[in-house]
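Visitor: Quick one, fold the following:
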Amino acid sequence: MMRPLVSAAILVAALAAPVLAQDKTQTIADMRAELSTLAADLQRLRSELMAGGTSALQAAGGASALSRMDAMEAELARVTAATEALQNQVSRVVADGNNRIGDLEFRLCELEAGCDPSNLPITATLGGGSGGGSGGGSGSGGAVVAAPAGGTGAAGTTTGASGADAPELAVNEKADFDRAKAALDGGDFQGAAAQFQAFSQTYPGSPLGGEADFLRGEALNQAGDTANAARAYLNAFSGAPNGPRAPAALLKLGAALGVLGQAQEACVTLREVGTRFPTAPEAVEAGTAMKALACQ
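Guide: Numbering: from 1, shown residues only. Predicted coordinates for the structure are as follows:
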């Protein structure tokens with residue numbers, strides 16, 4: 001009757017490690033699958049002990065073995081419920097964030113001449129997951145909220161890809177980015193904005209995409225095109241809500257909304273800077289901007 005004892009040892013070892021302290025690439029669905037497997041193993045072990053009769057039960061440690069299995073089953077049920085609650089919470093945050101970003105896109109489109117809100121693309125899901133929110137919105141105030149998980153597409157540097165972990169760039173990708181950056185540095189703001197837009201269209205999903213969106217916003221802002229600058233900052237933030245440019249993009253978006261006369265949306269967005277990034281320098285700047293707008 002060694003098989004129940006071996007199974008028990010394996011199961012206890014698996015339960016001893018915190019179930020939620022997994023590899024960072026593991027999803028909540030993966031955790032739930034592993035929890036289901038552990039629960040099935042525990043049930044199978046219980047069945048083996050009961051089928052083996054008194055001798056098998058005594059070999060596993062006597063009546064206390066069943067008590068320990070009861071405790072393990074209760075812990076598995078608790079952790080499973082916690083992962084389900086976490087998954088539901090993440091889903092709600094992502095859905096709310098998408099709706100609010102869609103609302104901001106809709107409001108920005110209304111401020112642009114020739115922009116048709118009905119032709120707005122579906123807002124990309126925060127965090128890079130599947131599905132999408134509404135392209136136009138009826139959100140509740142224009143706040144920008146992001147999923148816990150960071151998205152893809154932002155790069156905090158313009159020095160190019162290097163090192164073993166650096167993402168690979170397409171042929172001419174870095175050169176096109178550097179050319180647009182040089183135009184921005186040289187004061188050709190309209191030209192830089194056009195080049196950054198062309199870059200995003202030519203290299204969708206580029207590791208430099210978030211930086212290109214942010215710098216396009218900077219170029220448009222310098223050129224006096226505040227509405228399109230706000231949209232570029234919004235794209236930069238929503239593409240990588242936890243990226244290195246996220247605090248600055250959110251700050252610039254809030255400031256642009258204030259210039260456009262969207263005081264309520266500006267205040268809510270600026271407040272998010274301090275909420276999401278309390279230790280970032282942009283949080284202090286956001287507070288100053290909120291005072292200037294007389295935010296409540």
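Visitor: for T80, phi and psi?
Guide: When read as degrees, to the nearest 10, the backbone of T80 gives phi -60, psi -40.
Visitor: Correction: the previous question concerned S206.
Guide: For S206, the backbone dihedrals (degrees, to the nearest 10) come out as phi -60, psi 140.
Visitor: now it: how far from D185?
Guide: 20 Å (C-beta to C-beta, to the nearest Å). All C-beta atoms are positioned from the backbone trio N, CA, C, and that covers glycine.
Visitor: Would you map the helices across the stretch 51-200 of the chain?
Guide: Applying DSSP state H, counting those that start in this stretch to the stretch 51-200 of the chain gives helices spanning 63-111, 173-185, 189-202.
Visitor: Compare the ones you listed and give me the one nearest A256.
Guide: When the helices of the stretch 51-200 of the chain are compared by C-beta to C-beta, helix 63-111 sits nearest A256, at 8.9 Å.
Visitor: rewinding a little: more crowded one of S206 and D185?
Guide: S206 (23 against 10; other C-beta atoms under 10 Å).
Visitor: Out of the helices of the stretch 51-200 of the chain, flag the one nearest L257.
Guide: helix 63-111 (7.9 Å).
Visitor: pLDDT averaged over that closest one, what's the number?
Guide: Mean pLDDT, helix 63-111: 73.
Visitor: Going by contacts, tell me the helices and strands next to it.
Guide: Judged by 3 or more C-beta pairs under 8 Å, 6 or more residues apart in numbering; DSSP states H and E, the packing partners of helix 63-111 are helix 2-16, helix 28-59, helix 226-239, helix 263-276.
Visitor: okay, the angle between that helix and helix 226-239?
Guide: 170 degrees (axes from the mean of the first three to the mean of the last three C-alpha atoms, to 10 degrees).
Visitor: surely L251 meets G287?
Guide: No. Judged on C-beta atoms under 8 Å, L251 makes no contact with G287 at a distance of 10.4 Å.
Visitor: Quick check: neighbours shared by these two?
Guide: L270 (C-beta atoms under 8 Å, 6 or more residues apart in numbering).
Visitor: Neighbour count for those two, which is higher?
Guide: Of the pair L251 and G287, L251 is the one with more neighbours under other C-beta under 10 Å, namely 26 against 15.
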